[in-house]
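Q: Sequence first, then the predicted structure, then my questions.
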Amino acid sequence: MPISTSRLPAPCRPELEVVQHLLERLRNRLDWPAVISAAQPWVQAVRDKPAPFWAMESLLREYPISSAEGLALMRLAESLLRVPDAETAIALTADQLGRADFASGAAEGSQHRMLASLSASAIGLAKKFLPDEVGTKPGLIERLGAQTVVGATVRAIQLLGRQFVLGRHIGEALAEARSQRKDQAGLRFSFDMLGEGARTDHDALHYLGAYEAAIQAIAQATQGSGPAQRDGISIKLSALHPRYEDAQLDRVFAELLPRVKGLIDAAARADINLTIDAEESDRLELSLEVFDRLAAHVQVTAPAWTGFGLAIQAYQTRSLEMIDAVAEIARARQLRFMVRLVKGAYWDGEIKRAQELGLAGYPVFTHKHHTDIAYLACAQRLIEHHALILPQFATHNAGTIAAILQMATARSAKFEMQRLHGMGEGVYRELMAQQPGLSLRVYAPVGEHRDLLAYLVRRLLENGANSSFVHQLADAQVSAHELLHSPLQAADAPGQVAPAALYGAGRANSNGADLACAEQRAPLEQALQRTQVPQVPTASSADVQEAMATLAQGFEAWQARPVAERAAVLRRAGDMLDARLPAFCGLLVREAGKTLGDCIAEVREAVDFCRYYAEQAETRLAPIALPGPTGESNELRLHGRGVFVCISPWNFPLAIFAGQVAAALVAGNVVAAKPAEQTPGVALAFVELLHEAGLPRDAIQLLHGPGETVGAALVAHAATAGVCFTGSTQVAKIIQRALAASNGAIVPLIAETGGLNVMVVDSSALPEQVIDAVVQSAFRSAGQRCSALRLLCVHESIADGVIHMLRGAMQALVIGEAGDIATDVGPVIDAEAHGNLSRHVERLEREATLISRATMQARFATTHIAPVAFELKAIEDLREEVFGPVLHVLRWSGDVDALVHRINALRYGLTLGIQTRIDSRALRIAALAKVGNVYVNRNMIGAVVGVQPFGGEGLSGTGPKAGGPHYLYRFCAEQTLTINTAAAGGNAALLAELD
């Protein structure tokens with residue numbers, strides 16, 4: 001039976017509590033003065049015999065990641081080798097080298113001052129041959145010079161790559177390993193085939209083949225040596241399956257496990273090591289469950305094999321419990337495992353994810369020294385479990401190494417030290433000279449240099465931070481005693497503000513839920529089972545008249561309330577909605593057909609609107625004193641206009657409905673709210689919540705019905721003082737004409753409409769990142785977002801590869817029921833939408849080239865549209881907005897400015913995505929583009945209130961932007977009050993100044 005993983009604690013426990021628990025475990029178990037005494041000679045020896053100029057320690061000293069120069073070199077290393085065309089390579093090199101000042105020479109106190117000065121001079125000279133800015137057209141001589149500079153830069157990056165990649169293929173890596181063993185007998189290796197996460201099954205099978213070939217080659221190379229001297233391999237589960245995630249548990253078990261079992265069997269037969277690499281925290285429980293199932297396989301097929309293991313990241317707040325869980329599996333399976341303890345590789349991503357999801361805390365430590373504490377506590381626990389686990393300690397920190405030696409000696413425990421190829425060689429040189437019998441393994445990346453970029457940059461970021469041991473080891477100004485100071489003290493406060501406090505004291509971030517955590521998912525699933533959509537009656541003409549009369553009567557009383565009172569109602573509503581997230585998610589699934597992930601995001605957006613507009617109202621709607629002559633006061637006041645008609649769409653039936661209504665109300669208006677015909681139940685639930693929060697009944701009226709009747713009657717009503725509309729461009733124009741034809745007051749229209757949203761991808765972009773952004777932007781919410789990607793423009797030099805990856809990624813999508821956690825693409829909203837989309841796809845099948853259509857079961861054919869992509873011949877072939885999971889793809893070449901002008905000619909201006917590593921190009925495209933929201937190197941959906949104010953121009957809307965600082969003003973009328981204070985008896989204040 002599988003071992004239960006339920007005893008892992010919640011991922012976001014209070015950091016300081018966890019740290020105190022870890023410190024209690026370490027108390028009186030470490031003699032830190034003895035640690036310093038042991039490690040100090042190693043540090044001094046490394047400084048006395050510095051590493052070569054190209055080594056990591058030296059590079060970080062000369063070009064720290066915190067500097068413009070270090071950042072430029074890092075980004076060139078990340079990008080340049082994979083750029084296929086000369087024009088982009090020149091532009092990228094000019095962009096990155098141009099932003100840094102290498103002419104200043106070597107760093108102060110440099111150990112390689114001459115080489116560093118020569119390097120800086122060479123880079124400074126090379127910059128003269130590069131264009132000053134993107135878009136410059138160099139002449140022949142300049143172009144030849146630029147190509148020479150780029151060629152030299154490529155060769156330099158390849159040389160850099162050789163420092164961190166053992167070989168371009170496993171044969172070359174094994175040869176290099178043999179060479180290194182000549183200098184250090186007994187050195188062992190764990191080969192990593194640079195398997196980043198797969199986006200397609202084709203990628204996963206490619207990595208599988210690479211792992212299989214590597215195991216075979218390692219087995220042949222080490223044949224005849226004892227198990228203790230054998231090399232091994234590290235595998236990444238997310239490289240072996242494109243959907244390695246908790247939501248796809250059934251697929252992981254059915255498709256991934258057989259692949260890994262095959263690798264395990266091959267490694268066990270050869271008696272070499274196989275370690276499962278660490279993943280992000282949202283996969284922790286999944287990885288443990290997969291590991292247990294694989295251990296069950298080992299128990300049956302190779303019970304005597306002791307080469308199976310996994311990596312654990314000490315920066316995760318659950319690392320200690322993870323070690324105990326692995327020991328429990330070992331005990332239950334009667335096996336002995338290896339555990340590689342590392343500090344962690346995805347810290348910044350973990351922090352950002354927790355903030356974006358609105359989690360209760362962070363799954364990782366937010367202070368570096370807290371991770372150091374956890375590492376030592378985990379090391380102690382591994383040593384305590386040494387009968388069940390062979391501890392493998394991966395660290396370059398001399399103090400940590402000395403502490404491990406102290407703890408292991410006290411328990412007479414066998415263990416292994418590990419370092420990364422290209423790093424920490426100096427420290428381990430000194431250590432091995434002192435303790436030649438110590439077991440040392442090198443974690444050795446293997447792969448083509450152009451494939452190492454993501455890996456290399458991650459290592460640079462980890463070890464290049466100013467606080468890292470590797471960085472400070474190279475800095476002679478940091479004393480050895482300071483470098484080796486004890487980390488065994490908790491910080492006064494976490495190093496990052498809690499996700500709830502992300503936006504400061506004025507507005508609490510909305511609470512989210514992590515669907516990868518079963519404990520947080522359960523309330524949503526339970527609420528979904530209980531949800532019933534309320535029936536909302538259709539309003540008649542008489543109902544419209546009565547409602548408008550009620551609102552007109554209620555306006556003065558609501559308008560007269562102080563802004564603070566109106567804001568308080570919104571805050572209470574936001575807090576109540578925040579607390580009722582599961583119930584509203586259930587309603588959104590049942591009525592709007594949304595997936596659970598989209599439901600959580602929408603409820604949170606509605607909460608954010610309530611809180612943001614409340615905060616904005618209190619700061620922006622207060623009277624403003626204006627200057628003027630003496631004896632006179634001038635004040636600008638803002639007040640509500642009257643009855644605001646708010647017409648919201650079905651694609652965001654809660655968030656947009658709530659945002660419109662909240663803004664109108666807090667500005668002092670009363671609201672006639674007409675929700676979309678398809679989703680009145682969600683709107684009714686929110687209106688009832690507003691009343692519960694203290695909103696008077698005569699301040700809002702819900703009127704459900706067709707736009708042609710109810711909506712038109714509201715827009716044309718004489719009491720209407722303003723209209724806020726989100727929906728199609730065609731309907732917005734109808735409303736615009738109706739308001740213009742009215743004989744009454746000139747009524748403002750706030751319209752947010754659709755878009756032919758484009759993503760521009762140049763050849764410097766990372767294809768995996770592009771595919772992630774494209775799939776999310778085009779197919780999440782079944783493509784039913786006004787911001788969704790409609791047209792993907794890919795540079796012709798990389799188009800074949802990107803399109804190939806897109807095909808595979810689309811086939812990995814799951815089409816299913818909205819409430820199923822595994823579903824990526826749910827139903828479209830209704831039969832009318834299904835019919836319109838089906839006809840558009842049929843037209844594309846005649847006029848365009850099919851790229852791929854996602855696989856869909858026949859039972860969904862009448863409610864779902866399978867995600868589909870077509871290649872177009874010209875931008876102009878996309879003539880109208882297509883509101884569904886249909887992606888259009890275009891190859892482009894030549895001048896990117898011309899491409900942007902053609903995009904502008906479509907006259908829509910909502911969202912634009914840019915994928916490039918050329919910063920100046922991204923800024924230039926953004927400046928040229930006539931769009932409201934530009935997203936660089938990320939997806940182009942999911943605008944956050946107060947962070948990415950949302951709205952377009954042209955055919956995409958009137959502005960101002962929803963969720964932005966200018967939005968409330970449009971709901972207000974302005975009044976200037978001027979009082980002649982000197983009218984009665986003269987200007988007393990001025991006269992009082994006379995002696």
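A: Looks like it came in fine. Residues are numbered from 1 along each chain as shown.
Q: do you know how far the spatially most central residue of the chain is from residue 780?
A: With distances taken as CA atoms, centre = their mean, the chain has residue 353 as the residue nearest its mean C-alpha position (5.9 Å). Separation of residue 353 from residue 780 (CB to CB, to the nearest Å): 16 Å. The way it works is simple: take the backbone N, C-alpha and C, and place the C-beta from them, glycine included.
Q: picking that back up, pretty sure the residue nearest to the centre of the chain is in a helix, no?
A: Yes: assessed with DSSP: H, G, I helix; E, B strand; the rest coil, residue 353 lies in a helix.
Q: pretty sure it is touching residue 347, no?
A: No: Residue 353 lies out of contact with residue 347 (CB atoms under 8 Å); the separation is 10.9 Å.
Q: Residue 960: neighbouring residues, count only.
A: Around residue 960 there are 17 other residues, counting by other CB atoms under 10 Å.
Q: Show me how far stretch 778-785 is from its chain's centre.
A: Averaged C-alpha coordinates place stretch 778-785 at 18 Å from its chain's average position (CA atoms, centre = their mean, to the nearest Å).
Q: Apologies, that question was intended for stretch 391-402.
A: 31 Å.
Q: what's the straight distance from one end of it to the other?
A: 15 Å (CA to CA, to the nearest Å).
Q: Please, where are all the helices along the stretch 251-400 of the chain?
A: 257-270, 284-301, 319-333, 347-357, 368-384, 398-411 (DSSP state H, counting those that start in this stretch).
Q: For the nearest residue to residue 190 once chain neighbours are set aside, list the residues it contacts.
A: Setting aside the residues directly before and after it, residue 190 is nearest to residue 232 in space (CB to CB, 6 or more residues apart in numbering), at 4.8 Å. By CB atoms under 8 Å, 6 or more residues apart in numbering, the contact list for residue 232 reads 188, 189, 190, 191, 218, 267, 272, 273, 274, 275, 307, 441.
Q: nearest to residue 573, of those?
A: Closest approach to residue 573 among those (CB to CB): residue 275, at 51.4 Å.
Q: The closest one: neighbour count?
A: Neighbours of residue 275 using other CB under 10 Å come to 25.
Q: do residue 525 as well
A: 15.
Q: And the pLDDT for it?
A: In the prediction, the pLDDT value recorded for residue 525 is 96.
Q: Report the secondary structure element holding it.
A: If you go by DSSP states H and E, residue 525 is part of helix 518-530.
Q: May I ask you to confirm that residue 973 belongs to a strand?
A: Yes: the assignment for residue 973 (three-state DSSP) places it in a strand.
Q: quick one, what contacts residue 978?
A: 628, 632, 633, 634, 635.
Q: rerun that using 7 Å as the cut-off
A: By CB atoms under 7 Å, 6 or more residues apart in numbering, the contact set of residue 978 is 632, 634.
Q: Bridge partners for it, pull those for me.
A: residue 634 (DSSP bridges).
Q: re the thing from before, now do the residue nearest to the centre of the chain against residue 12, distance only.
A: 11 Å.
Q: for the stretch 401-550 of the chain, which spans come out with low pLDDT?
A: For the stretch 401-550 of the chain, applying pLDDT under 70 flags the ranges 452-467.
Q: Going by residue numbers, what spans are strands in it?
A: Counting by DSSP state E, counting those that start in this stretch, the stretch 401-550 of the chain has strands at residues 416-420, 440-445.
Q: low-confidence ranges in the protein?
A: 1-7, 51-66, 100-145, 195, 224-229, 452-467, 990-991, 994-995.
Q: The same query, at a cut-off of 50, please.
A: 1-5, 105-107, 109, 112-116, 118, 121-122, 125, 140-141 (pLDDT under 50).
Q: Any buried residues in stretch 927-945, and which?
A: 928-937, 939-945 (16 or more other CB atoms under 10 Å).
Q: Among those residues, which are located in strands?
A: If you go by DSSP state E, the buried residues of stretch 927-945 have 933, 934, 935, 936 in strands.
Q: any idea which of the residues you listed is the one closest to residue 819?
A: residue 935 (29.3 Å).
Q: OK, contacts around the closest one?
A: Residue 935 neighbours (CB under 7 Å, 6+ apart): 911, 913.
Q: Quick check: beta-bridge partners of it?
A: Residues in beta-bridge contact with residue 935 (DSSP bridges): residue 913.
Q: mind checking how far it is from residue 82?
A: 22 Å.
Q: Where do the strands of the stretch 601-750 of the chain begin and end?
A: Using DSSP E, counting those that start in this stretch, strands in the stretch 601-750 of the chain cover 624-626, 632-640, 643-647, 670-674, 700-702, 720-726, 749-752.
Q: Make a markdown table out of these and add distance to residue 155.
A: Listed next are the strands of the stretch 601-750 of the chain as a markdown table, based on distance: least, CB to CB, whole Å:
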| stretch | distance to residue 155 |
| --- | --- |
| strand 624-626 | 62 |
| strand 632-640 | 63 |
| strand 643-647 | 61 |
| strand 670-674 | 65 |
| strand 700-702 | 68 |
| strand 720-726 | 54 |
| strand 749-752 | 51 |
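Q: Relative to residue 740, which of those strands is closest?
A: Proximity to residue 740 (CB to CB) singles out strand 749-752 among the strands of the stretch 601-750 of the chain, at 9.3 Å.
Q: Using PDB, list the CA coordinates for the closest one.
A: Output in PDB follows, covering the C-alpha atoms of strand 749-752 (Å, rounded to 0.1, in the frame of the first residue of the first chain):
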ATOM      1  CA  LEU A 749     -20.100  56.300 -21.900                       C
ATOM      2  CA  ILE A 750     -17.400  54.100 -20.400                       C
ATOM      3  CA  ALA A 751     -16.800  51.200 -22.800                       C
ATOM      4  CA  GLU A 752     -14.400  48.300 -22.600                       C
END
